[in-house]
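A.B. asks: Here's my sequence, what's the structure:
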Amino acid sequence: MRRFVMCALAAGLAAAGCAPAHGEAAGVLREDGAALSRIELSGKNVRTGDDASGCAPGTRRGLYTITGDLAPGTESSAVATALATELHTMGYQEADGPDARFGVTVSVLRKNSLDITFTVTLRGRSPNVEVAGMTGCLPA
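C.D. replies: Numbers count the residues shown, from 1 in each chain. Predicted coordinates for the structure are as follows:
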């Protein structure tokens, strides 16, 4: 029994060591967000930062947001395809997200190895493009 407890404890510690640190995941989030921010949008606004709200003590999440408007005549489906292709190239996979409703299309892509999620929202009103990246609550 004692050996079982020791093995379980060792396995738990090993698994905890596999979780990415905030700095590592936030760095990749910023790099990937910067690559996505090359998209042409009028009135583009890029914000980065950290947020500890809703996280356990000693953890925080990294944030990266791009907002703006499509140029007149630009097809939103072409922008959605370009962003999804870029995210897939960077190792993100489709994740569950809300269905398209009321003229809003939402795509969710995750990089599970670093607990990073990007949500791409396209809508009819301004700003009609929002790309929001976020890490999970990770230890600092």
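
A.B. asks: hey, where'd the helices end up in the protein?
C.D. replies: Ranges of helices in the chain, per DSSP state H, are 2-17, 22-36, 76-89.

A.B. asks: What residues of the second one count as buried?
C.D. replies: Which is helix 22-36. Using 16 or more other CB atoms under 10 Å as the test for burial, helix 22-36 gives 22, 25-26, 28-29, 32-33, 36. Every C-beta, even on glycine, is put in place using the N, C-alpha and C of the backbone.

A.B. asks: ok, back up a step: which one of the helices of the chain has the poorest average confidence?
C.D. replies: Note on the helices of the chain: helix 2-17 shows the lowest mean pLDDT, a mean of 38.

A.B. asks: Could you find which two of the buried residues of helix 22-36 are furthest from each other?
C.D. replies: Within those, 22 and 36 form the most distant pair, 20.5 Å apart (CB to CB).

A.B. asks: Off-centre distance for stretch 74-94?
C.D. replies: Put simply, stretch 74-94 sits 13 Å off its chain's centre (CA atoms, centre = their mean, to the nearest Å).
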